[in-house]
Structures are given as C-alpha cells and as structure tokens.
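Enquirer: For reference, the sequence and a predicted model appear below.
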Amino acid sequence: MQIFDPNNTFFRWVAWATDILGLSLLWAFSSLPVVTAGAATAALYDSVLHYVKPREPGAFRNFFRTFRASFRTTALSSVCWALLWAGLLLGARILLLMALAGHRAALLQLIIFCILLLIPAGVVCWQFPLCARFPMRFAELNLNAARLTLARLPATLLTLIVTLGGLWICWRYWLPIFFMPVVWAFLCSLWMEPIFEKDGFTSTI
C-alpha cells in the first residue's frame, strides 16, 4: 500500500524532521567540549547544506564524516579562540565595572571595545562554514575568515544577528535547541554560499 511507502510525502517529512532534530542535538552535545565545537559547527553546516536543505538521506553519516575531517584544523582554532574570547570578555567586564563606578572614560572605552568585538566575532562565524567547505590549514582558515569579515561586512553583521539571536533564544527558552542549530546553518548558507562562489573558493565537494 502507498501509505507504507517510505518514499511517500508523509515519511519524507518525518525523515526531514528527524534530521533537523537529530543534527541539532548532535551539534549541541558535540559542542560541549570546547575543543570539538568548531568541528561540530563545520559538520552541522555541511550536513544542512547538502542533505537537510535538499532533503536527501545521509545527513548523520555526513555529520560524522565532516566532523572527523575538520577536527584537526578546528580543534586548534576552537581552543585559541576560546582563550582569546575569555580574555576579551574579561576586559569588557573590567571596563563595565569601571563604567558602573562612575568613570566616564571607561564608558566610552567600553562602547568602542564592544564595537571592535564585532571583528573577532565575525571571524569565528565565518571560519567554521569555510572549513566545512574548503581544505584549509589553521593560518589560511583564519586569514580567509578575517578577510570575509571585513570585505563582506553586511553579511557578517547579518550572520552575527542570526547567531546571537539564536543563542539568546536557546538560552532564554531552551526548547528551540531542538531545531535552532539547523535553522542557523540553513539561514547562513543563503548568503554564505553565493559569497564563497563569487570570491572564487574551490569546493571540496
């Protein structure tokens, strides 16, 4: 009977929903150790782009394959950026405490500091989709991510809005963690993929 056909519309939608739920949870759990967060993000982006977005089977198998392939590069990058962000956030906290204590100069410095934080935040957002799609070493990956951050500033700002908005929603309501990571990867791919193609990157796929 057609109702039990795994290729009918109902089962295809169930499989698609399962991919969204499963990939989102895989990303969340795989990102808990800081050293694996970059590989998990690269694997999520590539799986959404090539399997969830066109609704093709094999998303989970691709997640683990991409995770292993990108781990060596992203592990070093994840640790370095985590340490850098720890220092940057500590600096922001010090300036905030000084501003709250009544230091006017500290308030201005805090505003400027927060604006400048957009650059390292943009580099982090660009580099893991880049790593998912193209073969790069640590230095090359970060240099290209920095170049895209500054050269594609509107896309960078849009990516940061989607990223910070998604993180805030998951932190505030927790339930969206079951689908928000896939939504993030899907939305970012809408403008990142045309930019990758236009900027002449050579895909490994």
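Expert: Looks like it arrived, so ask away. Numbering: from 1, shown residues only.
Enquirer: Quick one: residues contacting residue 189.
Expert: Contacts here follow Cβ atoms under 8 Å, 6 or more residues apart in numbering; on that basis residue 189 touches 45, 48-49, 53, 129. Every residue, glycine included, has its C-beta placed from N, CA and C.
Enquirer: among the residues you listed, which are in helices?
Expert: Secondary structure of the contacts of residue 189 is defined by DSSP state H; positions in helices are 45, 129.
Enquirer: Looking at the contacts of residue 189, which has the smallest pLDDT value?
Expert: The member of the contacts of residue 189 with the lowest pLDDT is residue 53, and it reads 87.
Enquirer: With just CA atoms, put stretch 33-53 into CSV.
Expert: As requested, C-alpha coordinates have been extracted for stretch 33-53 and formatted as CSV (Å, rounded to 0.1, in the frame of the first residue of the first chain):
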residue,chain,number,x,y,z
PRO,A,33,33.9,20.2,24.9
VAL,A,34,35.4,23.4,23.7
VAL,A,35,37.9,21.6,21.5
THR,A,36,35.2,19.9,19.4
ALA,A,37,32.9,22.9,19.0
GLY,A,38,34.5,24.0,15.7
ALA,A,39,34.3,20.6,14.1
ALA,A,40,30.7,20.2,15.3
THR,A,41,29.7,23.5,13.7
ALA,A,42,31.5,22.7,10.4
ALA,A,43,29.8,19.3,10.3
LEU,A,44,26.4,20.8,11.0
TYR,A,45,26.8,23.4,8.3
ASP,A,46,27.9,20.9,5.6
SER,A,47,25.2,18.4,6.6
VAL,A,48,22.4,21.0,6.4
LEU,A,49,23.7,22.4,3.1
HIS,A,50,24.0,19.0,1.3
TYR,A,51,21.4,16.8,3.0
VAL,A,52,18.8,18.7,5.0
LYS,A,53,18.3,21.6,2.6
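Enquirer: number of nearby residues for the closest residue to residue 137 other than its chain neighbours?
Expert: Across the structure, with Cβ to Cβ, 6 or more residues apart in numbering as the measure, the residue nearest residue 137 apart from its sequence neighbours is residue 73 (6.5 Å). When counting by other Cβ atoms under 10 Å, one arrives at 22 neighbours for residue 73.
Enquirer: Surely residue 73 is in contact with residue 140?
Expert: No: in this structure residue 73 lies outside contact range of residue 140 using Cβ atoms under 8 Å: 9.2 Å.
Enquirer: shared neighbours, those two?
Expert: In terms of Cβ under 8 Å, 6+ apart, residue 73 and residue 140 are not both contacted by any residue.
Enquirer: Residue 152 and residue 195 touch, don't they?
Expert: Yes: A contact is recorded between residue 152 and residue 195 when judged using Cβ under 8 Å, the distance being 5.6 Å.
Enquirer: So those two - more neighbours on which side?
Expert: Using other Cβ under 10 Å as the criterion, residue 152 and residue 195 rank with residue 152 on top: 19 against 14.
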